[in-house]
Each structure stands twice: as structure tokens, then as C-alpha cells.
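Undergrad: mind looking at a prediction? Sequence and model below.
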Amino acid sequence: MRTTARKPSRIIPNKAGVSEMAVYVDNEQMPYGRMKMCHMLADTTAELLAMADQIGVDRKHLQYPGTPKEHFDICMTKRAAAIKLGAIDAPRRQIVDLMRSKRAKNQLLTVNFAAKKFHHEE
């Protein structure tokens, strides 16, 4: 099944009252005790945290906060809840592409910041 990414400019409720966000979940099914886990990530930290709040995942479980690898590991029941609330069921390739895009954006911001700092020091 092919999915397409939705990129709303802000978190807004749709006609059903469900917030639309650019949040993605994979179908990794990694074993963790008796559970199966997958990844949940988003275009922005705000979107990721908003979805975590909506599906009942404690923010303390955020992994790699503030980095391009920022994500939650969630169980399959939370995955189903996230999809019901508008998360995108993304194949692994799309997840990898999203992380690369976030890394490239982060590097560009770092270079721009360094250039501005250097310019001000002259």
C-alpha cells in the first residue's frame, strides 16, 4: 500500500474533529518483552509531542530529543491509535528519508548560524 505524506501548516482539527499532523509510524514490530514496538516520528517536535499526548505516551520516553533521530518507540496499540488520529503509516524508506531530510535541515541551520556568528565577529 502506497501512502502519501500530508504536510499541514499547523495542527488543526479536520471535519471529524481529529487533528491532522505530519506524524509518521512504521511497522517495525521490534520485540520488547511481550510487546511489539514500532517508531513514531514527525516533521517537528511540536507535532510529535502533540501526538504523544493524544495517544497517551509519556513525554519522558522521547528518544534523541532535539536531534534528527528524535522519535518515540510505541507499542502496536498506540500505533493503531496514532493512525486513527491521522498519523501516516509509512514504509521504512519514507522514515529513513524523513530522518535524512531532518539531518540535512539541521546541518544547514548549523552552517547558517556559524556563518552569522563569524560575520558578527569581524
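TA: Ah, there it is.
Undergrad: tally up the residues packed near Asp97, please.
TA: Neighbourhood size, Asp97 [other Cβ atoms under 10 Å]: 13. Every C-beta, even on glycine, is put in place using the N, C-alpha and C of the backbone.
Undergrad: residue boundaries of the strands in this structure?
TA: For the chain, the strands defined by DSSP state E cover 12-13, 19-20, 23-25, 30-32, 35-42, 72-75, 88-89.
Undergrad: what lines up beside the third one in the sheet?
TA: Partners of strand 23-25 in the sheet, by DSSP bridges, are strand 35-42 (antiparallel), strand 88-89 (parallel).
Undergrad: sorry, back to before: out of the strands of the chain, deepest packed?
TA: strand 23-25 (a mean of 26; mean count of other Cβ atoms under 10 Å).
Undergrad: give me the beta-bridge partners of the closest residue to Ala90 other than its chain neighbours?
TA: Distances taken as Cβ to Cβ, 6 or more residues apart in numbering put Tyr24 closest to Ala90, at 4.2 Å, once the chain neighbours are dropped. Assessed by DSSP bridges, Tyr24 has beta-bridge partners Leu41, Ile88.
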